[in-house]
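**Q** predicted coordinates and the sequence they were generated for:
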Amino acid sequence: MVVWMALLTIHEQARQASLQRINILDSPREERFDRIVRTAQRLFGVPIAYIGLLDTDRMWFKSSIGLEADEIGRDHAMGLMAIERNRLSVVSDTTGHERLSQHPWVKEDPYVRFFAGVPLHDREGNSVGVLGVMDFRVREFQEHEKESLMDLAAWCVQELYSRDVHKVEERQRSSETRMRALLNNVRDGIITISMHGLIESFNPAAESLFGYTVGEIKHQNFLQLFATPKIKITTQEILKTEPARLSSILGTGGEAVARRKDGSEFPVELSISDMWIGQYRMFTVIIRDITERKRSEKALQESERRYRELFENANDLIQSVGPSGEILYVNKAWRQTLGYEPHEMETLAIWDVLSATSRTRYVEVFQKVIQGQPVEEFEVVFLTRSGSEISLEGNMNGKFNSDGEFVSTQGIFRDITQRKRIEEMKSEFISIVSHELRTPLTSIHGSLGLLLGGVGGELSENAISMIKIANSNSERLVRLISDILDIEKIESGKMDFFMEMRPLMPLIHQSIAENEGYAKKYNVSMNLTRELPEVYVYVDGDRLIQVLNNLLSNAMKFSPKEGVVEIAVERFERYVRVSVSDKGPGIPEELRGRIFDRFTQAKSPEGRRKGGSGLGLSICKTITERLKGQLNFSTRLGEGTTFYFDLLAHKQPTP
């Protein structure tokens with residue numbers, strides 16, 4: 001460590017000695033260095049370019065564009081990284097860089113997002129300074145750009161160490177060679193024009209852009225390269241302007257329409273700056289073909305237009321809401337449904353259109369979306385401008401910026417007011433019809449049972465057969481009406497649950513006992529294979545038995561004759577699982593995804609549908625979920641099916 005520190009000290013001393021030999025610190029600005037910085041700024045299209053020399057406690061700027069200060073503290077010198085690494089350093093995004101992300105120029109004005117720098121070496125290899133460029137946007141630095149920056153750095157070093165008058169001509173020739181190499185290799189067109197507007201130089205990229213050779217275009221009027229009057233006016237102003245006014249119109253980018261030799265036109269981005277060669281004023285124009293960019297922008301605008309038209313003309317209600325509830329955008333369907341004019345949306349917040357009953361629910365959804373959790377198919381009630389309520393069903397997700405900060409919610413809603421009214425009417429109709437049918441059907445079923453019992457006297461075999469059919473069908477109708485009433489109660493929230501802590505096994509034994517007669521009817525038996533006497537569950541006992549009875553009766557209907565329905569009770573960590581298994585045909589693949597849907601029925605082993613309403617499993621699933629449990633199944637074709645539900649297990653409560 002001591003040796004390393006000593007080496008660093010020796011290196012720093014050598015570096016400082018080299019800097020002193022140059023004798024350039026705190027010297028006036030020089031055109032030869034300003035020219036390098038201007039070239040770097042134009043070449044790379046950046047707002048900031050500089051030549052910085054690293055002193056003991058500061059970095060002093062020999063020449064700069066875009067920086068107000070003449071120097072900055074050594075610890076805050078962004079180019080220090082390139083000097084320490086002793087090689088080209090490029091940071092495409094300073095906000096993600098471990099070291100530069102905390103730099104004042106990154107966190108505060110001027111908010112630098114890109115940096116590239118090349119160390120300036122003396123003849124012994126000591127880094128005395130840096131040639132750096134910075135941008136306010138994140139960008140990639142291509143290989144040819146890196147090579148160009150290193151060429152400029154070499155030019156700068158040559159200027160630093162070539163003060164000998166006898167080497168001026170050699171330096172001039174070398175600089176011209178490097179400049180020609182730069183001009184020949186860049187992808188942008190670079191044109192120099194005289195103070196009279198005549199073209200003096202035309203690099204290969206410009207030849208490719210416009211279709212002229214240097215011989216054809218040299219000494220021609222610069223204005224013939226452009227199609228729009230605007231560029232002509234701007235160019236003429238630049239050519240006639242006084243130096244004092246240059247800062248207001250030069251060095252700024254603009255767009256124009258250029259014209260090729262064949263007369264075709266294309267969009268360009270250009271920047272114009274001036275320079276003095278002795279008593280003569282010259283202008284440098286950098287031109288970039290932006291055809292592809294314009295095409296992309298047009299495609300993006302067209303895409304945005306189509307999406308906006310799609311949103312605006314959609315039948316669904318579409319909205320965008322800001323973090324504080326301010327409404328940022330709504331489509332035509334939203335405005336028309338709620339009765340608002342476009343100009344009224346400017347002062348409207350989402351809270352202004354929410355009914356009192358929906359505020360709490362909407363806030364819950366809003367909080368989830370802010371946390372990055374999309375919410376689907378939730379219902380909310382909005383108030384129209386006239387104060388009437390409309391029911392909506394919708395989805396909502398969040399929009400976040402590149403830093404992960406929440407920007408807005410995006411919601412799509414559908415008016416379900418009419419659907420809700422129809423559902424209410426349907427539920428009311430079913431309830432009325434079911435209640436009106438239940439009493440006479442119960443009476444008919446009872447009377448048929450009495451006739452079968454011989455109350456009306458002895459019946460012929462033909463009469464008995466017909467009465468049995470009628471009795472079976474009336475029994476099925478009674479069950480169907482009971483199931484429909486249960487569904488209606490569940491949907492309306494009128495099904496009562498009396499929750500209490502109950503031992504599980506007595507409930508299972510009771511259900512088995514109640515289904516003994518049913519088992520004999522189908523010529524099957526029931527077998528309780530595993531028990532857990534010590535387990536308690538927090539349930540409504542009658543509702544749990546209703547679930548068990550349905551699962552047992554289904555298993556019996558689909559079991560082969562003399563088959564066995566198995567009931568098992570098992571423990572899984574904090575839960576107890578009750579399963580009912582049969583050895584029937586299994587559930588077909590096409591029914592598995594909707595087995596718990598209403599009116600879904602599988603066929604019996606004989607290929608027929610076996611009684612039932614198709615509502616039982618749907619009711620069982622809903623009841624199980626109300627008991628804080630889960631109902632599911634497993635099945636294999638030709639081997640059988642197991643339905644099972646899991647409930648939270650409890651220990652015996654203390655007295």
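**A** Sure thing, it's come through.
**Q** which residue ranges form the helices in the stretch 351-500 of the chain?
**A** When secondary structure is read from DSSP state H, counting those that start in this stretch, the stretch 351-500 of the chain shows helices at 359-370, 417-452, 461-492.
**Q** if we compare the ones you listed, which one ends up closest to Thr384?
**A** Nearest of these to Thr384, taken as CB to CB: helix 417-452 at 10.3 Å. In this view, the C-beta of every residue, glycine as well, is placed from N, C-alpha and C.
**Q** tilt between the closest one and helix 461-492?
**A** Counting by axes from the mean of the first three to the mean of the last three CA atoms, to 10 degrees, helix 417-452 lies at 150 degrees to helix 461-492.
**Q** how about the one helix or strand Thr337 maps to: buried residues?
**A** In this structure, Thr337 sits in helix 332-338 according to DSSP states H and E. If you call a residue buried by 16 or more other CB atoms under 10 Å, then helix 332-338 has these buried ones: Ala333, Trp334, Arg335, Thr337, Leu338.
**Q** ok, so of those residues, who is nearest Lys489?
**A** Out of these, the member with the shortest distance to Lys489 (by CB to CB) is Thr337, at 32.8 Å.
**Q** neighbours of Thr600, how many?
**A** 16 (other CB atoms under 10 Å).
**Q** gap between it and Ser579?
**A** Noted for Thr600: a distance of 21 Å to Ser579, by CB to CB, to the nearest Å.
**Q** please apply the same query to Ile481.
**A** Counting by CB to CB - Ile481 and Ser579 are separated by 30 Å.
**Q** same check on Arg139?
**A** Arg139 is 63 Å from Ser579, by CB to CB.
**Q** again with Gln220
**A** Distance of Gln220 to Ser579, computed by CB to CB: 93 Å.
**Q** same drill for those two, tell me which one is more crowded.
**A** Each of Gln220 and Ser579 has its neighbours counted (other CB under 10 Å); Ser579 has more, 20 against 15.
**Q** would you agree that one is in contact with Phe643?
**A** Yes - judged on CB atoms under 8 Å, Ser579 makes contact with Phe643 at a distance of 7.0 Å.
**Q** where does pLDDT dip in the stretch 501-650 of the chain?
**A** Within the stretch 501-650 of the chain, the ranges that satisfy pLDDT under 70 run 601-613.
**Q** where do the helices of it begin and end?
**A** 504-514, 516-521, 541-557, 589-592, 616-626.
**Q** relative to Gly394, which of those is closest?
**A** helix 616-626 (23.6 Å).
**Q** show me how far that closest one is from its chain's centre.
**A** Computed by CA atoms, centre = their mean, to the nearest Å, the separation of helix 616-626 from the middle of its chain amounts to 36 Å.
**Q** packing partners for it?
**A** helix 461-492, helix 541-557, strand 630-636 (3 or more CB pairs under 8 Å, 6 or more residues apart in numbering; DSSP states H and E).
**Q** now, of the ones you listed, which is deepest in the fold?
**A** Highest mean neighbour count of those: helix 541-557, a mean of 21 (counted as mean count of other CB atoms under 10 Å).
**Q** is Arg306 part of a helix or strand, or is it coil?
**A** Reduced to three states with DSSP: H, G, I helix; E, B strand; the rest coil, the structure at Arg306 is helix.
**Q** quick one: average confidence on the helix or strand that Gln13 is a member of?
**A** For Gln13, the element it lies in under DSSP H and E is helix 2-22. Mean per-residue pLDDT for helix 2-22: 61.
**Q** need the next SSE after that helix, C-terminal direction.
**A** Later in the chain than helix 2-22, the nearest helix or strand by DSSP H and E is helix 31-44.
**Q** what helices or strands is the helix or strand following that next one leaning on?
**A** Per DSSP H and E, the first helix or strand lying C-terminal to helix 31-44 is strand 48-54. If you count contacts as 3+ CB pairs under 8 Å, 6+ apart, strand 48-54 packs onto helix 2-22, helix 31-44, strand 58-65, strand 127-135.
**Q** wait, which of those is closest to Ser208?
**A** Ser208 lies closest to helix 31-44 among those, at 17.2 Å (CB to CB).
**Q** could you give the angle of that closest one to strand 127-135?
**A** Using the same axes, to 10 degrees: helix 31-44 against strand 127-135 is 40 degrees.
**Q** buried residues in helix 31-44?
**A** Buried residues in helix 31-44, counted by 16+ other CB under 10 Å: Phe33, Asp34, Arg35, Ile36, Val37, Arg38, Thr39, Ala40, Gln41, Arg42, Leu43, Phe44.
**Q** for the stretch 101-250 of the chain, which segments count as strands?
**A** Assigned strands in the stretch 101-250 of the chain, in chain order: 114-121, 127-135, 189-194, 199-202 (criterion: DSSP state E, counting those that start in this stretch).
**Q** out of those strands, nearest to Thr529?
**A** strand 114-121 (72.0 Å).
**Q** in its sheet, which strands sit next to that closest one, and in what direction?
**A** strand 89-91 (antiparallel), strand 127-135 (antiparallel) (DSSP bridges).
**Q** ok now it, how far from the chain's centre?
**A** 37 Å.
**Q** which of the strands paired with strand 114-121 is buried the deepest?
**A** When the strands paired with strand 114-121 are compared using mean count of other CB under 10 Å, strand 127-135 is most buried, at a mean of 26.
**Q** I'd like the average pLDDT over that strand.
**A** 92.
**Q** could you export it as PDB, CA atoms only?
**A** C-alpha atoms of strand 127-135 as PDB (Å, rounded to 0.1, in the frame of the first residue of the first chain):
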ATOM      1  CA  SER A 127      -2.500  12.800 -18.400                       C
ATOM      2  CA  VAL A 128      -2.500  16.600 -18.100                       C
ATOM      3  CA  GLY A 129      -6.100  17.200 -19.000                       C
ATOM      4  CA  VAL A 130      -9.100  16.000 -20.900                       C
ATOM      5  CA  LEU A 131     -11.100  16.800 -24.000                       C
ATOM      6  CA  GLY A 132     -14.800  16.200 -23.000                       C
ATOM      7  CA  VAL A 133     -18.200  16.400 -24.500                       C
ATOM      8  CA  MET A 134     -21.500  16.300 -22.600                       C
ATOM      9  CA  ASP A 135     -25.200  16.100 -23.500                       C
END
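**Q** give me the angle between that strand and strand 58-65.
**A** Counting by the same axes, to 10 degrees, strand 127-135 lies at 50 degrees to strand 58-65.
**Q** got the angle for strand 127-135 vs strand 48-54?
**A** Using the same axes, to 10 degrees: strand 127-135 against strand 48-54 is 160 degrees.
**Q** any idea how far strand 127-135 is from the chain center?
**A** 38 Å.
**Q** same question for stretch 191-210.
**A** 47 Å.
**Q** how about that stretch: buried residues?
**A** Buried, per 16+ other CB under 10 Å, within stretch 191-210: 191-193, 197, 199, 201-207, 209-210.
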